[in-house]
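>>> take this sequence and fold it.
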Amino acid sequence: MPSPLKVLLVVFRKELIDALRDRRSLFSALLFPLLMPLLFSVMFQTLIEREAPTARTKLPVIGMENAPGLIEHLGTQGVDAEAAAADLTPDPRRAVELGKAEAILAIPKDYAEHYQAGRPSSLQLYFDDSRSESRRTARKAQRVILGYSQRVGALRLIARGVIPDLLLPIRVEEHDTSTPSKLTARLLSLIPMLALMACFIGSMQVAIDTTAGERERGSLEPLLINPASRFGLSGGKWLTASLFGLVSCSLTLFTSLVAMSQVDLQKLGLHFSIGWTQGLQMWLVLVPLCALASALQMLIATFARSYKEAQTYLSLILFLPMLPGLLLSLSPVDTQPWMWSVPILAQTQFLTDVMAGSPPGALGLALAGLATLALSLLCLGVGARLLNSERIVFGR
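Take a look at the predicted model:
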């Protein structure tokens, strides 16, 4: 009987050639890392254009001639007030509901009279809170109008010999201890999630094809007749699937970091600076996860009776790399030593810390890698033993 290592290398070479010829495997391994970072950068570029302090917002106004001072102030604060079109004036509420305008400001005719008399005047702001753009436009207009109202109120108090500070007996001075890197890491938390998902997506088709796919084609039984180590056979398939996962993960990480480096986050007051050292640390912690993803997928696909059934099972475990990030975003916790021994959670926390500018160091990287590799070898060993079962091999 040939040695398990020789069997592993022979099977790895054979499966790698087959996988490179399979369009589905190449499609799943390459499409995600090339498409998702591009969509991610476009999304952030759109966010910057909308939320940057220098961004301008258009606001249709009914009766803008009634408040020239307010209109001028709106313009200085990034809100471009324009006379409402004729179809918006009769029923502004209906116009916003139909999406003809994101928001409409109505200034009453008696605004100037109330202003001169020092009496409050009520403005009508129509918007649709269920639409993000409408809500954003309305919130910005409200902030600017509130600032104008406070300034006018302060001037009226001064004119009457009253110090405006008397209305604010208590002031709270805020001291934000967060760093730009931490704020950037929180905003870009999608990058670690994309990299983690790529580990699973890239290897999924190969893991299915080398297990449930071979059994469905009837090629698994002849393969097992050979006097070869079951661990060597499984190991060769595992290495192939892991390689595809690693390629997908590496491309996703690289394209994501390159794409985000081209986005001008400084317009949002954020700082994105991930060098080659940090990028290498992020890549190293993901390598063992690619091994675990393929081993776990092969183990689960071994129980499937068909290719489609295996696809259904493995589609469900794609939620695994997303769970730690979602849980940490809902209930943030400080990094604890035990986290480095929990696969997926360790990678999520490590990537987040690196992006925040506080990498955990070599010990955290080593613990995360060893724990993940140990679990992947366990899954691989269990899968190899299952190949001795007739029920598994013949799908009975």
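>>> pull the longest helix from this structure.
Of all the segments assigned as helix in the chain under DSSP state H, the longest by residue count is helix 230-261.
>>> what is the rounded mean pLDDT of it?
For helix 230-261, mean pLDDT rounds to 87.
>>> flag every buried residue along that helix.
Judged by neighbour count (16 or more other CB atoms under 10 Å), helix 230-261 contains these buried residues: 230-253, 255-257, 259-260. Any C-beta I mention is one placed from the backbone N, CA and C, and that applies to glycine too.
>>> so what's the residue nearest in space to the middle of the chain up against?
Centroid check for the chain by CA atoms, centre = their mean gives residue 190 as the closest residue, at 2.2 Å. Residues in contact with residue 190 (CB atoms under 8 Å, 6 or more residues apart in numbering) are residue 40.
>>> that older thread, if you count contacts, what does the longest helix of the chain end up packed against?
Applying 3 or more CB pairs under 8 Å, 6 or more residues apart in numbering; DSSP states H and E, we find helix 230-261 packed against helix 4-21, helix 23-51, helix 190-208, helix 220-225, helix 276-302, helix 362-386.
>>> most neighbours per residue, which of those?
helix 190-208 (a mean of 27; mean count of other CB atoms under 10 Å).
>>> pLDDT of that one, averaged?
For helix 190-208, mean pLDDT is 89.
>>> mind saving the C-alpha coords of it as PDB?
What follows is helix 190-208 as a C-alpha-only set of coordinates in PDB (Å, rounded to 0.1, in the frame of the first residue of the first chain):
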ATOM      1  CA  LEU A 190     -18.000  44.500   6.300                       C
ATOM      2  CA  ILE A 191     -14.500  43.800   5.100                       C
ATOM      3  CA  PRO A 192     -13.700  41.100   7.700                       C
ATOM      4  CA  MET A 193     -17.100  39.600   7.000                       C
ATOM      5  CA  LEU A 194     -16.400  39.500   3.300                       C
ATOM      6  CA  ALA A 195     -13.000  37.800   3.800                       C
ATOM      7  CA  LEU A 196     -14.500  35.200   6.100                       C
ATOM      8  CA  MET A 197     -17.300  34.400   3.700                       C
ATOM      9  CA  ALA A 198     -14.900  34.100   0.900                       C
ATOM     10  CA  CYS A 199     -13.100  31.200   2.800                       C
ATOM     11  CA  PHE A 200     -16.400  29.300   2.600                       C
ATOM     12  CA  ILE A 201     -17.700  30.300  -0.800                       C
ATOM     13  CA  GLY A 202     -14.500  29.700  -2.600                       C
ATOM     14  CA  SER A 203     -14.100  26.000  -1.400                       C
ATOM     15  CA  MET A 204     -17.800  25.100  -1.500                       C
ATOM     16  CA  GLN A 205     -18.200  23.800  -5.100                       C
ATOM     17  CA  VAL A 206     -14.900  21.800  -4.900                       C
ATOM     18  CA  ALA A 207     -15.900  20.300  -1.500                       C
ATOM     19  CA  ILE A 208     -19.300  19.200  -2.900                       C
END
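>>> from the chain's centroid, how far away is it?
Remark: helix 190-208 is offset 14 Å from the chain centroid, using CA atoms, centre = their mean, to the nearest Å.
>>> can you tell me the average pLDDT over the following helix or strand past that helix?
Following helix 190-208 in sequence order, the next helix or strand is helix 214-217 (DSSP states H and E). In this model, helix 214-217 carries a mean pLDDT of 76.
>>> helix 214-217 packs against which elements?
Here helix 214-217 touches helix 220-225, going by 3+ CB pairs under 8 Å, 6+ apart.
>>> ok, residue 8 to residue 230 distance?
11 Å (CB to CB, to the nearest Å).
>>> contacts only, for residue 61.
Listed by CB under 8 Å, 6+ apart, the contact set of residue 61 reads 71, 81-84, 104-107.
>>> picking up where we left off before, possible to save the helices and strands packed on helix 230-261 as CSV with distance to residue 123?
Formatted as CSV, the helices and strands packed on helix 230-261 follow (distance: least, CB to CB, whole Å):
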stretch, distance to residue 123
helix 4-21, 65
helix 23-51, 24
helix 190-208, 38
helix 220-225, 74
helix 276-302, 50
helix 362-386, 55
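>>> lowest average pLDDT across those?
Sorting those by mean pLDDT places helix 220-225 lowest, at a mean of 64.
>>> related to what we said a few turns ago, of the helices and strands packed on helix 230-261, which approaches residue 141 most closely?
helix 23-51 (14.2 Å; CB to CB).
>>> picking up where we left off before, pick the one among the contacts of residue 61 closest to residue 148.
Lowest distance from residue 148 to the contacts of residue 61 (CB to CB) belongs to residue 71, with 10.2 Å.
>>> gap between that closest one and residue 370?
Residue 71 is 65 Å from residue 370, by CB to CB.
>>> which ones are touching the closest residue to residue 32 other than its chain neighbours?
Among residues not flanking residue 32 along the chain, residue 201 sits closest, at 5.0 Å (CB to CB, 6 or more residues apart in numbering). Residue 201 sits next to 28-29, 32, 245, 248, 318 when contact means CB under 8 Å, 6+ apart.
>>> also residue 6?
Contacts for residue 6 (CB under 8 Å, 6+ apart) come out as residue 232.
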